[in-house]
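Novice: no sequence on this one, just coordinates:
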């Protein structure tokens, strides 16, 4: 792979063999040795309207119907 300049950005194309769908957003990190790590962005649970984020407490039935730690304090 080779980088190329496009406007003010440097582009690194991802080969099709990786099967990355178009439009996926990534977070980029640069390590001290120059390595680049791209991680897909997840949902922002604080900005999402998805009902699965309404109650983020541990499910009481998660381990045999009992709380497993100090959840009830």
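Specialist: In hand now; what should we look at? Being a predicted model, the structure only gives us computed values, none of them experimental. Residues are numbered from 1 along each chain as shown.
Novice: how about residue 29: what's its closest non-neighbour residue?
Specialist: Leaving aside its sequence neighbours, residue 29 sits nearest to residue 37 (Cβ to Cβ, 6 or more residues apart in numbering; 4.6 Å). (Glycine included, C-beta is placed from N, CA and C.)
Novice: strand partners of the one helix or strand the one you found maps to, parallel vs antiparallel please.
Specialist: Using DSSP states H and E, residue 37 sits in strand 36-40. Here strand 36-40 is paired, per DSSP bridges, with strand 26-30 (antiparallel).
Novice: looking at it, the residue nearest to residue 29 is touching residue 26, isn't it?
Specialist: No - the criterion here is Cβ atoms under 8 Å, and residue 37 misses it with residue 26 at 9.4 Å.
Novice: can you give me how far stretch 34-51 is from the chain middle?
Specialist: The chain centroid and the centroid of stretch 34-51 are separated by 4 Å under Cα atoms, centre = their mean, to the nearest Å.
Novice: over to stretch 3-13?
Specialist: Centre to centre, stretch against its chain (Cα atoms, centre = their mean), the figure for stretch 3-13 is 23 Å.
Novice: how long is that stretch end to end?
Specialist: Terminal residues of stretch 3-13 are spaced 7 Å apart (Cα to Cα, to the nearest Å).
Novice: show me where the chain has its helices.
Specialist: With DSSP state H as the criterion, the chain has no helices.
Novice: any stretches of it with poor pLDDT?
Specialist: Counting by pLDDT under 70, the chain shows low-confidence ranges at 53, 55-73.
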